[in-house]
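J.: 3D model of this:
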Amino acid sequence: MSMLAEVTVSRPLRELLAFARHVPVRVAASLIIICFFALAAVMPKVLQTHDPFAIDLRSSLQSPSIAHLLGTDQLGRDLYSRLLEGAGQSLAIGLGATALSMSIALILGVAAALSGGVFDSILSRIVDVLFAIPTLLLALVFVTVFGPSVLTEVIAVGIGTAPGYARMIRGQMLSIKGTGYVEAAKALGHPFPRIVWRHILPNAMNPLTAMTTIGVGQAIIWASALAFLGLGVAPPAPEWGALLNAGRNYVIYAWWLEIIPGLAVTAFALSVTIVGRHIQARLEGKS
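T.: All right, here's what the predicted structure looks like:
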């Protein structure tokens with residue numbers, strides 16, 4: 001019985017070790033950072049050391065110490081706890097905006113690539129015009145019109161980043177549409193909807209996996225930029241961009257209020273980019 005248990009336990013462990021040996025150090029470190037912030041987003045109370053909204057004016061603007069790992073803000077609130085509390089909103093905005101932008105891009109990119117002719121030209125010109133407008137400018141216009149909130153940030157960033165993804169999806173679909181196996185399926189008399197569903201879409205989805213992963217980090221950066229400009233989530237919400245906006249007034253006296261939230265945004269965006277590039281390389285290698 002003990003030998004059987006040892007074999008049962010050791011087999012998954014061996015598989016995990018075998019997988020770990022093929023993962024580069026930078027990817028493993030990035031996964032740890034992503035998992036840490038994901039845990040903070042789902043269960044912030046597990047990692048927090050203080051109430052993120054508790055005001056203690058006697059402890060205002062304290063530098064990082066054992067009592068407050070990342071220091072305190074102007075109202076004496078613990079920055080470490082607020083950073084973890086804000087991870088939920090920041091990640092929700094990043095995931096929501098990426099899902100929205102990918103949905104819009106899929107509809108536009110697939111419709112343009114499969115329709116061809118005049119319809120493709122019209123859609124392509126519209127996407128090109130939107131792509132020529134800076135993402136932040138599109139998002140700024142949307143938030144200015146509809147007002148700052150989590151929902152408007154998600155929609156604004158999603159709409160602003162969709163044109164770039166639509167162009168990539170259209171190009172990917174067109175390249176696969178002209179491959180030999182698609183032409184062979186047409187020659188065999190397969191219906192066009194079946195060709196699209198069985199051959200074109202599955203092969204076009206592989207690059208989207210890495211693109212989506214990278215897009216989450218980019219969406220968080222854009223959302224943080226909006227919040228930094230005062231067009232994000234309203235205080236006292238500790239969304240990462242809002243923390244950056246609040247800390248800029250104290251950057252000379254309390255550098256940690258500006259530097260640490262900026263490092264959090266950079267670390268998460270860089271981590272998902274590294275993981276996305278690794279996924280893309282693995283998928284290209286398999287293909």
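J.: what's the neighbour count on the residue lying closest to V182 once chain neighbours are set aside?
T.: In this structure, V182 finds its nearest non-sequential neighbour in H199, 5.4 Å apart by CB to CB, 6 or more residues apart in numbering. Placement of C-beta: from N, CA and C, glycine included. Using other CB atoms under 10 Å, H199 has 19 other residues around it.
J.: how close does H199 get to P191?
T.: For H199, the distance to P191 (CB to CB, to the nearest Å) stands at 12 Å.
J.: same question, S90
T.: 45 Å.
J.: The two: which is more packed in?
T.: S90 (31 against 10).
J.: check contacts around V251.
T.: 257-258 (CB atoms under 8 Å, 6 or more residues apart in numbering).
J.: Also the one 5 residues further on?
T.: Under the criterion of CB under 8 Å, 6+ apart, the neighbours of W256 are 63-64, 70-71, 79.
J.: Now with 6 Å, please.
T.: W256 sits next to 64, 71 when contact means CB atoms under 6 Å, 6 or more residues apart in numbering.
J.: before we move on, what about A223?
T.: Here A223 is in contact with 93, 153, 157, 241 (CB under 6 Å, 6+ apart).
J.: hmm, 10 Å instead?
T.: 89-90, 92-94, 96-97, 139, 150, 153-154, 156-157, 231-233, 239-241, 265 (CB atoms under 10 Å, 6 or more residues apart in numbering).
J.: Now it: which helix or strand?
T.: helix 201-228 (DSSP states H and E).
J.: pLDDT at E15, what is it?
T.: For E15, the model assigns a pLDDT of 54.
J.: Quick one: mean pLDDT for the helix holding A223?
T.: On average, helix 201-228 scores 81.
J.: Now for F192, how many residues are close by?
T.: That count, for F192 with other CB under 10 Å as the rule, works out to 11.
J.: which residues do H199 and P191 both contact?
T.: A185.
J.: And the contacts of stretch 58-69?
T.: Contacts of stretch 58-69 (CB under 10 Å, 6+ apart): 49-50, 56, 70-81, 83, 250, 253-257, 260.
J.: Which of those fall within helices?
T.: 79-81, 83, 256-257, 260 (DSSP state H).
J.: mind listing what's buried in stretch 118-131?
T.: 120, 123-124, 127, 130-131 (16 or more other CB atoms under 10 Å).
J.: again, but for stretch 54-71
T.: For stretch 54-71, using 16+ other CB under 10 Å, the buried residues are 59, 62, 68, 70-71.
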